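Asks: just to be clear, the model below is a prediction. Sequence and coordinates:
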Amino acid sequence: MDFLAEGFRRAWSLLVAGDSEVYGIALLTLKVAIVATLISCAIGLPLGYFLATRRFWGRRAALTVVNTALAFPTVVVGLLLYGLLSRRGPLGGLGWLYTWQAIVVGDVLLALPIAAALSAAAIQGVDARVRRTAQTLGAGAWRTAWTVSREARFALAAVITAAFGQVVAEVGAAMIVGGNIRGSTRTLTTAVALYTSQGDFGLALALGLILLIMALLVNIALQVLQGRGEPGVGGAGGAGGAHA
Amino acid sequence: MLELRGIRHRYGGRIVLDLEQFIVPQGASLAVVGHNGAGKSTLLRLLALLETPTEGQVLFSGAVVPPRARASLRRRVTLVEQRPVLFRGTVRENLEYGLKLRDTARTAMNGIIGDVVDRLGLAPLLNRRRHELSDGEVQRVAVARALAVRPDVLLLDEPVSSADRAAANALYQALAAERAARPLTVCIASHQLEEAYRWADSIRALADGRLSPVTPENLFRVDLPAGDGTKHVRVGGIDIAVMTDRTGPAVLAVPPTDIFVSLQPLSTSARNVFSGRVTGMSIEHRGAGVHVRADMGGVELVAAVTAEAARDLALAPGKTVVFSFKATAVQVF
């Protein structure tokens, strides 16, 4: 127990003292997480909407692939990406290996299936009458998508939260393609893994606490952005419909 | 104005709509009647260009609607579903939805909304949200929202199923006012003959996804005399006996399945016994039944019999038959 208490004391002193290395790692993690979440959601949410609303040949197969990708091991993604970005790989010319951009690419690959699969499920949960009503009132494709998404905004906010959670907690791919280089590509998770293995439990715990606080703040921000709650679609005749 | 041609629409391999031709003429006030599951809602969704028929074509103003033109034509054809949904936001925001899509100026928008709100009595509801409304109120708001965008064709699926009589009258009066003010084609799906007959110029009947030739023909507008019990009402060249306490204008409906067909007058309790010649016969959907049309003193009645009965009686056009049905079988609307 002394060992744990000592860890917490160390963590607290590092946080209060404003240790530049700790906060540098935290800022890099936040930057990587925000960029990767934005990119994965910018691609994944429209992809999820498309999969949920369009009927085309191979749709079920596409949904199966996306759902399977949810369980993709992070170290395998890191390994594949390493092969692509290494000097002799097809994307070696970019020079991204062991940069924060490489970590972002790895995180996007891991968060994209989450954004696509969960948003497809969220959109499928919206009553089909919402889409038809928007269309019959004259909405084009984009406006219809916006209207349907508004009805599913709580579920979609949860999708963004889940994508952020995946990105911010990811360690395998970040370690492989980022290299865990001090002052350059060391993120909170890779640093926690490193300092724990080195026996610096206090520092690892401090970084872990920052990670938790960061996740908490992001969740609060998303809840504020969701705004006021309103029950789901209510149809005449007691339909009730699917709740957004 | 709108036409379905050679339609065979399937859900999961099952044919839910099978129509050679269905026309909604420009300026018409058309009702589509039929039981639940007859295909009315599917028909309206096809007309509203919200679904693409599995087989067949949708025509607008005589031209086949190409896929690319569907979205733009939807701005001229608006559907109010049987159980309509309102979007997140207030009633006012819902009424503004279609107008904003059309870039309507704020002043014009306020005028249009004020107009439909007055017609449908929605003023007290304007700032409410959907969960604060009853089913009937949701229906009225949905109709108002559709009227606000001033479509050329308005499709209404059971528009007063959740409304009380006063609200239903208000809705139909609003429709009548709109039609008086501008050319508006209306197509209403309903399972209530009374409602259809009261508000539509013409009626089409759907049964099992097919146009049925029966129901409209056995409907008669009459003026019921005063008094209780059995009344005899003149329809064309025949007197129909009907049991009702109602008086004044009404619609009589004789279900084709309640008519007995025989070759000679039968000694039964039936108060309505008419003799005439078969004018036509049609095999019903799936071949299970036959619709027999006969001219009874200038009035065409349609009876439904089994294929076996038609064969046993050797029914054929020109043959003399007797139609019998009880006074209590006659429905009064």
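Replies: That came through fine.

Asks: which residues does the residue nearest to the spatial centre of chain A contact?
Replies: Chain A has A:Ala163 as the residue nearest its centroid, 2.1 Å off, counting by C-alpha atoms, centre = their mean. Each residue near A:Ala163 by C-beta atoms under 8 Å, 6 or more residues apart in numbering or on different chains is listed here: A:Thr37, A:Ser40, A:Cys41, A:Gly44, A:Ala111, A:Ile114, A:Ala115. (Each C-beta comes from the backbone N, C-alpha and C, glycine too.)

Asks: need the pLDDT of the nearest residue to the last one once chain neighbours are set aside.
Replies: This points to A:Ala115. Spatial nearest neighbour of A:Ala115, excluding adjacent residues (C-beta to C-beta, 6 or more residues apart in numbering or on different chains): A:Gly44 at 2.5 Å. For A:Gly44, the model assigns a pLDDT of 97.

Asks: quick one, what contacts A:Gly44?
Replies: A:Ala111, A:Leu112, A:Pro113, A:Ile114, A:Ala115, A:Ala116, A:Ser119, A:Val159, A:Ala163.

Asks: what about the residues you listed, which are in strands?
Replies: With DSSP state E as the criterion, strands contain none of those.

Asks: in helices only, show me those residues.
Replies: Cross-referencing those against helices under DSSP state H gives A:Ala111, A:Leu112, A:Pro113, A:Ile114, A:Ala115, A:Ala116, A:Ser119, A:Val159, A:Ala163.

Asks: before we move on, the earlier item: could the contacts of A:Gly44 go into TSV alongside pLDDT and distance to A:Leu211?
Replies: Output for the contacts of A:Gly44, formatted as TSV (pLDDT from 0 to 100; distance: C-beta to C-beta, whole Å):
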residue	pLDDT	distance to A:Leu211
A:Ala111	96	16
A:Leu112	96	22
A:Pro113	96	22
A:Ile114	96	18
A:Ala115	97	21
A:Ala116	96	25
A:Ser119	96	25
A:Val159	94	21
A:Ala163	95	16
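
Asks: in PyMOL, how would I select the buried members of those residues?
Replies: A single PyMOL command selects the buried members of the contacts of A:Gly44 (16 or more other C-beta atoms under 10 Å in any protein chain shown):
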select buried, chain A and resi 111+112+113+114+115+116+119+159+163
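
Asks: thinking again about what came up before, setting aside sequence neighbours, what's the nearest residue to the residue nearest to the centre of chain A?
Replies: Counting by C-beta to C-beta, 6+ apart, A:Ala111 is the residue found nearest to A:Ala163 once chain neighbours are left out, at 4.2 Å.

Asks: if I look at the one you found, how far off is chain B?
Replies: 27 Å (C-beta to the nearest C-beta, to the nearest Å).

Asks: surely that residue meets A:Thr161?
Replies: No - judged on C-beta atoms under 8 Å, A:Ala111 makes no contact with A:Thr161 at a distance of 11.2 Å.

Asks: please identify which helix or strand holds the nearest residue to A:Met175 once chain neighbours are set aside.
Replies: What sits nearest to A:Met175 in space, not counting adjacent residues and going by C-beta to C-beta, 6+ apart, is A:Thr190, at 5.1 Å. Taking DSSP states H and E as the definition, one finds A:Thr190 inside helix A:188-198.

Asks: related to what we said a few turns ago, ok, the residue nearest to A:Ala163 - contacts?
Replies: By C-beta under 8 Å, 6+ apart, the residues touching A:Ala111 are A:Ala36, A:Thr37, A:Ser40, A:Cys41, A:Gly44, A:Ala163, A:Phe164, A:Gln166, A:Val167.

Asks: that older thread, quick one: which of the ones in helices among the contacts of A:Gly44 is nearest B:Ala294?
Replies: Closest approach to B:Ala294 among those (C-beta to C-beta): A:Ser119, at 61.5 Å.

Asks: spit out the contact partners of the closest one.
Replies: A:Ser119 sits next to A:Gly44, A:Leu45, A:Leu47, A:Gly48, A:Tyr49, A:Ala52, A:Ala155, A:Leu156, A:Val159 when contact means C-beta under 8 Å, 6+ apart.

Asks: sitting in helices, which of these do you find?
Replies: Counting by DSSP H, those contribute A:Gly44, A:Leu45, A:Leu47, A:Gly48, A:Tyr49, A:Ala52, A:Ala155, A:Leu156, A:Val159 to helices.

Asks: ok, and the most crowded of those?
Replies: Counting neighbours by other C-beta atoms under 10 Å in any protein chain shown, A:Gly48 leads these with 29 neighbours.
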